[in-house]
Structure formats: C-alpha cells, structure tokens
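Peer 1: Need the 3D shape of this:
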Amino acid sequence: MKQIPYSKQLISEDDIKRVCEAMRSERLTQGPIVEAFEDAFAEYTGASYAVAFANGTAALHAMYMAVGIGQGDEVIVPTLTFAATASAAIMCGAKPVLVDIDPAYGLIDPNAVERAITPKTKAVVPVHYAGHPADLDAIGDICDRHGIALLEDACHALGSTYKDNRIGSQNCCAFSLHPVKPITAAEGGMVTTNSKDMAEKLKRLRHHGIERNGELQRRFGAWFYRIDELGFNYRLSELHAALGLSQLERCDEFKARRRKLADRYIEAFEKMGGIHPLVEPPWGESTYHLFVVLVEPHGSGKDRRWLFDELARRGIQCQVHYIPLHYQPYYQRLLGVKQGDFPGAEEFYSRAMSIPLYAGLTDAQQDYIIATIGELWSEERWSSVVQKGYR
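Peer 2: This is a model prediction of the structure:
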C-alpha cells in the first residue's frame, strides 16, 4: 500500500543541481554559499541579519547564549512544544519554566507567562506552533514591563506573518530547516536578528568561540585568532546551504500550496461533525507547517487513537504534536511538574492530531484523506475515492 506521510520535503531537479554544483566547488564548508543563504534569508524575513546553524536545536541554543542566558536563569516556554525549546535552556545552565497554552490556538498563554515571571526570569520563548503566530504584542508588553528578552521559537513558522510583519523581522528568532519544515536544507537552522553585535556573537558561537579580525591579524599574523568564550561546532555546510538557498526561492510557492490545502480541509471538515481544525489566530497568517485537527470523542467509543490507527491501516500516516513536556519523566524529575499541572495543554494534547499536509500533497491524495476520515468517522459512504484509492 502506498503511504501518505504527515509531512515530507519537496525536492526539485534544480535543488539537486544546486547541491551538485556546491559539491564541485572549492569549499564544502565555511564558503560563500552559506553567506549568500544568510543574506537571502534575512531579506526574505525582513531581518537585518541571519546566521546559519547546523540544525534548529543549535540555533535555539546559540540564540539563548547570545542574549546571555546562563546558570541560574529562568526561561519561560510552553509545555506544548518539542523538547529542544526547553533543552536548549538547560544546555545553557538555565531552568526552563513551563507554562500553559491557550487551547483555542495551541499557543502560549500570555496570562500564564505573566504569572510565571520571577526575579530570575531572563527570557520568554513563545512557540509559533504549527506555523500559527503567537500573540507577540501581548507577550512583548509583558517582557517590556519586566525588562526581559522576547525570543521566538519560529521553527514551524518561516513565511508566517504577525500583523503583516513576517516572523523573523522584529525579534530574535530561531528557525529549523529539517525536511518536514516549510523549507529544508536537509538539516539546518537559522537565527534572525536586527542587532549587528548579536549577529557577530552568533557567528562566534557556531565556530568554537573563535574571533578573527583584521586588527588582530595585522598585529599578530594572518593565522591569528582569539577565543574569549565557549563556542561549538554548529556550522552549516555549503551543501546544506545550497539546498536551503534553492528552497528559499520557492518558500512563498510552498506556503501558497499549503494554505490552499488547508482551506480545502477546513471546508470539508465543516461538513463533518467531531473533527475540528485548529483555528488560525486573528492576528496573523500561518504558513501551515502542520494541519492539526482536534478529534472530539465519538459516541460509539471512537476516539483519536482509534482514528489514528485506522488511518494508518489505510496508508495515511498522521502524527501528534506534541506530548506536553510535563508528561515526560525527565522534566518531571528536573522541574517537579506532573500531569494535571497544565489543563489547557492536557486537553489539547488529548484531542490533537496532525494529518498530512505538505507542498507536494496532491489533490487526489487529499481527497482520499478527507473521504477516508469522513467514512471512518461518520460511518457513511463519503466518496468512491475511498474505494478507488488515489493516483
């Protein structure tokens, strides 16, 4: 049976050509393609600077370090997120402080943020879950009043906008370039900033803390470099950058296709009881990295687990984003949290399911998904598409 994944990359012949050209170039790492990718990424997002990293987790870690997050600090993150949002703070020696979400949107709750602030709070990190932008004005007001940093986990949100501004244009943001993300570099990450000093520090952090400049080399020799702080090998290769740069040129095309597919899902599920698409917030436009539905338990005993398994048997691979961090044994031991602490996230998690959505998903495949869900959930013959499968 042909499988439909919940997400996947869309690679063109031009993407392959650009990577092959990079493989034939003089430099496979620390070369001009990375710089070109950074410049194009900054222009696309509207940021002054963009700094490339090996992956999204490295981007988050470096972003936290660059604003001075360290031992004894607290970083507020939503419990409904991938582990990297919190683990990057731990890697800095800081403590992640988990807060609840607004279950209507799956996004961090500004009221919960306000309640969680202490004298140790260094930053708040809203996650643009599924590509839906968090309420940046509300969170920004809180951060301004308390003198703390607003850092964005935008790993889902390249191409999303908040009040007509692209995500990445206003605050320091970390992006992911994993294959299931809006564009891919196979693996990769990026941090955007409007601060030149921040950009220079990020570049040092990704390369072992090494600083090279003309003044030092004039004084001590062309080979000379200096290390004033701990850094890491978080560099992105020329090959990855070549793929990312090629993909970035089609980012708007990919977004338009995902939004068209999302509209088709929304229209279909309006006619189907018990399957509720996650609502796009009124303050922004989502790139729809994920299409999340909230499954209302069925009177006949059908629930999300049943639907998830039945779809898998029919070749439709779904996913759940995410298991809240306070469910995980590691975070329970570290932070003293437990199930029952964050009711909004727990209610959301109990019903959420990501169904297939990606730029390469065909109309025929989507018709099959819709018809199959309809037939399973309503026990009515929705369409002959289920019988025929898809092309």
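Peer 1: ok, and the residue of the chain positioned farthest from its centre, which helix or strand is that part of?
Peer 2: Residue distances from the centre of the chain (C-alpha atoms, centre = their mean) peak at residue 219, which lies 43.8 Å from the mean C-alpha position. Using DSSP states H and E, residue 219 sits in helix 214-220.
Peer 1: Name the residues of that helix that are buried.
Peer 2: Within helix 214-220, not a single residue qualifies as buried, counting by 16 or more other C-beta atoms under 10 Å. In this view, the C-beta of every residue, glycine as well, is placed from N, C-alpha and C.
Peer 1: what does the very next helix or strand once past that helix contact?
Peer 2: Counting by DSSP H and E, the next helix or strand C-terminal to helix 214-220 is strand 226-227. Residues from elsewhere that reach strand 226-227 (C-beta atoms under 8 Å, 6 or more residues apart in numbering): 208-212, 216.
Peer 1: Show me just the buried residues among those.
Peer 2: 209, 211.
Peer 1: Can you say which two of the contacts of strand 226-227 are spatially most distant?
Peer 2: Farthest-apart pair in those is 208 and 216; separation 15.7 Å (C-beta to C-beta).
Peer 1: looking at this protein, which helix or strand is least sure?
Peer 2: Every helix and strand of the chain was ranked by mean pLDDT, DSSP states H and E. The lowest is helix 385-388, at a mean of 48.
Peer 1: measure the nearest residue to residue 303 once chain neighbours are set aside to residue 163 for me?
Peer 2: Among residues not flanking residue 303 along the chain, residue 297 sits closest, at 4.7 Å (C-beta to C-beta, 6 or more residues apart in numbering). From residue 297 over to residue 163 the distance is 36 Å, taken as C-beta to C-beta, to the nearest Å.
Peer 1: where does this protein dip in pLDDT?
Peer 2: Applying pLDDT under 70 to the chain flags the ranges 1, 379-391.
Peer 1: The helix of greatest length in it - contacts with which helices or strands?
Peer 2: Secondary structure of the chain per DSSP state H: the longest helix is helix 251-269. Counting contacts by 3 or more C-beta pairs under 8 Å, 6 or more residues apart in numbering; DSSP states H and E, helix 251-269 packs against strand 275-277, strand 291-295, helix 363-378.
Peer 1: now the angle from the longest one to strand 291-295?
Peer 2: Interaxial angle, helix 363-378 versus strand 291-295 (axes from the mean of the first three to the mean of the last three C-alpha atoms, to 10 degrees): 10 degrees.
Peer 1: buried ones in helix 363-378?
Peer 2: 365-377.
Peer 1: can you list these in TSV and add distance to residue 77?
Peer 2: Formatted as TSV, these follow (distance: C-beta to C-beta, whole Å):
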residue	distance to residue 77
365	35
366	33
367	38
368	37
369	32
370	34
371	39
372	36
373	32
374	37
375	39
376	35
377	34
